[in-house]
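Asks: Let's see this in three dimensions:
(4 chains)
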Number of protein chains: 2
Amino acid sequence: MNIPLPSETVFHAIESSIKCYRKFAQQNISEVFPDITIDQGLILLFLNKFPDMSQTEIAELVFRDNASMTRMINLMVKNDYLNRSINEQDRRRFNIEITPKGKDVLKRLPPIIARNRAQSLQGITEQEQEQLKNILKKMTANCTKIYAS
Amino acid sequence: MNIPLPSETVFHAIESSIKCYRKFAQQNISEVFPDITIDQGLILLFLNKFPDMSQTEIAELVFRDNASMTRMINLMVKNDYLNRSINEQDRRRFNIEITPKGKDVLKRLPPIIARNRAQSLQGITEQEQEQLKNILKKMTANCTKIYAS
DNA sequence: TTAATATATTTGATATATCAATTATTTTTA
DNA sequence: TAAAAATAATTGATATATCAAATATATTAA
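Replies: Numbering: from 1, shown residues only, chains lettered A, B, ... in the order given. Next comes the predicted model:
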């Protein structure tokens, strides 16, 4: 059976774009914060906006599983970006607190992220961005629907 | 500085779609080939089409670095999908040969891949797929151009 | 109100991701 | 041609990805 080569498909284009963006964005972040990864930055942004989030909820937002999230947060605690304490309302969970060092990142990271986003989207209109999101959402729905059944 | 939450951006939509697709596709592959990953499947497809490819060239096509490729191919050799032998024309390189077990995968995998692709793209027109590719290519170019400078 | 089920997180095992350094070989250049 | 530079692949170190199993706590149902 003959199928198009993987490199000709939309899937390849998707992987290519997001990998390139990540590499590019990480380089710009690393110049200022040598030991902050993109994902650690995302975790900080989410926690800052929703301080009561559980690890499981954060994991969903950044598309990782719980085990990965445990380890990522362990590392961020070790590097003094976060603190963990037991949630007395639900003793299965942790309260996750952003340390001063984490707050410093939150001050200086957003402009870098804004620049990364803007530069990577140069020449792509708002309308195209909406198209992009809509098409990708269809694809996500297709894949989710199917493997949940 | 206030920036849109990561979960509102196109980048999030991109990550979401490709992660969902990978999970969905992997599940369907695993039902038939329990120890073949999507990427191992891709490697087999590329090697089948271009038998003289070097590890470095394959790595580029699947967006991995050389170190990852070495380890992925090690594993595929261990699992008897590939064989390696030294390339006498250029003794830095290897010839990579697909074993009978690998060829069996190549017979039975393409229909599964075709089905995965079709199902995940249901309701997305050819035209939309082209739009998608074009927009993503712009993005890739933006990121590549910038961090190469 | 026990018992069963569900939820939140961790741990272990194995694979992959990535960087930097290293080895072996080939190509270029002085 | 010898030295320098480039290329192909590997290795070590550390982080992340993912599954399955385990632990602890909460919730639901009998």
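
Asks: and the residue lying closest to A:Arg84 once chain neighbours are set aside, how many residues sit next to it?
Replies: Take A:Arg84 and drop its neighbours on the chain: the residue closest to it by C-beta to C-beta, 6 or more residues apart in numbering or on different chains is A:Phe94, 4.6 Å away. Just so you know, the C-beta spots here come from the backbone N, C-alpha and C atoms, and that holds for glycine as well. By other C-beta atoms under 10 Å in any protein chain shown, the residues close to A:Phe94 number 18.

Asks: Give the residue spans of chain A that score low on pLDDT.
Replies: A:145-149 (pLDDT under 70).

Asks: Can you name the residues of it sitting close to DNA strand C?
Replies: A:19, A:22-23, A:26, A:54-57, A:66-67, A:69-71, A:73, A:84, A:90, A:92-94 (C-beta under 7 Å from any atom of the strand).

Asks: how much space between A:Pro111 and A:Val32?
Replies: 10 Å (C-beta to C-beta, to the nearest Å).

Asks: actually A:Gly102, not the one I wrote
Replies: According to C-beta to C-beta, A:Gly102 stands 15 Å off from A:Val32.

Asks: From the neighbour counts alone, determine which of the two ranks first.
Replies: Taking other C-beta under 10 Å, A:Gly102 and A:Val32 do not tie; A:Gly102 has more neighbours (22 against 12).

Asks: How about the contacts made by the more buried one?
Replies: A:44, A:76, A:80-82 (C-beta atoms under 8 Å, 6 or more residues apart in numbering or on different chains).

Asks: Closest to DNA strand D out of those residues?
Replies: Closest approach to DNA strand D among the contacts of A:Gly102 (C-beta to the nearest atom of the strand): A:Met76, at 8.1 Å.

Asks: quick revisit: and the residues of chain A next to DNA strand C, which of them are in helices?
Replies: If you go by DSSP state H, the residues of chain A next to DNA strand C have A:19, A:22-23, A:26, A:55-57, A:66-67, A:69-71, A:73 in helices.

Asks: Taking the centroid of chain A, which residue is nearest it?
Replies: The centroid of chain A falls nearest to A:Val62 when counting by C-alpha atoms, centre = their mean (4.2 Å).

Asks: and that one, how far is that from B:Phe11?
Replies: On the measure of C-beta to C-beta, A:Val62 and B:Phe11 end up 11 Å apart.

Asks: where along chain A do the helices fall?
Replies: Taking DSSP H as the criterion, chain A carries its helices at A:10-32, A:38-49, A:55-61, A:66-78, A:100-120, A:126-148.

Asks: Report the buried members of the residues of chain A next to DNA strand C.
Replies: A:22, A:26, A:54-55, A:69, A:73, A:93-94 (16 or more other C-beta atoms under 10 Å in any protein chain shown).

Asks: Stretch A:16-36 and DNA strand D, any residue contact?
Replies: No. Stretch A:16-36 is not in contact with DNA strand D by C-beta under 7 Å from any atom of the strand; minimum separation 7.9 Å.

Asks: what comes up buried for that stretch?
Replies: A:16-18, A:20-22, A:24-26, A:28-29, A:33, A:36.

Asks: same thing with stretch A:72-86?
Replies: Here stretch A:72-86 shows A:72-73, A:76-77, A:81-82 as buried, counting by 16+ other C-beta under 10 Å.

Asks: Among those, which one lies nearest to A:Lys133?
Replies: A:Met72 (26.1 Å; C-beta to C-beta).

Asks: My read is that that closest one contacts A:Asp39, right?
Replies: Yes. A:Met72 lies in contact with A:Asp39 (C-beta atoms under 8 Å); the separation is 6.6 Å.

Asks: Give the residues shared as contacts by those two.
Replies: A:Arg64.

Asks: what's the most distant pair in the contacts of A:Gly102?
Replies: Checking the contacts of A:Gly102 with C-beta to C-beta, the most distant pair is A:Leu44 and A:Asp80, at 12.6 Å.

Asks: Just name the closest of the buried residues of stretch A:72-86 to B:Ile3, please.
Replies: Of the buried residues of stretch A:72-86, the one sitting nearest to B:Ile3 (C-beta to C-beta) turns out to be A:Tyr81, at 18.8 Å.

Asks: Tell me which of the helices of chain A sits nearest to B:Glu126.
Replies: Here helix A:10-32 is closest among the helices of chain A (C-beta to C-beta), at 10.5 Å.

Asks: Output the closest one in CSV, but only the C-alpha positions, please.
Replies: C-alpha atoms of helix A:10-32 as CSV (Å, rounded to 0.1, in the frame of the first residue of the first chain):
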residue,chain,number,x,y,z
VAL,A,10,0.2,18.3,7.4
PHE,A,11,1.3,16.4,10.5
HIS,A,12,4.9,17.0,9.4
ALA,A,13,4.2,20.7,8.9
ILE,A,14,2.7,20.9,12.4
GLU,A,15,5.6,19.2,14.0
SER,A,16,8.1,21.2,12.1
SER,A,17,6.5,24.5,13.1
ILE,A,18,6.1,23.8,16.8
LYS,A,19,9.6,22.4,17.1
CYS,A,20,11.1,25.4,15.4
TYR,A,21,9.1,27.7,17.6
ARG,A,22,10.1,25.9,20.7
LYS,A,23,13.8,26.0,19.8
PHE,A,24,13.7,29.6,18.8
ALA,A,25,11.7,30.6,21.9
GLN,A,26,13.9,28.6,24.3
GLN,A,27,17.0,30.2,22.9
ASN,A,28,15.7,33.7,23.6
ILE,A,29,14.6,32.7,27.1
SER,A,30,17.9,31.0,27.9
GLU,A,31,19.8,34.2,27.2
VAL,A,32,18.1,35.8,30.2
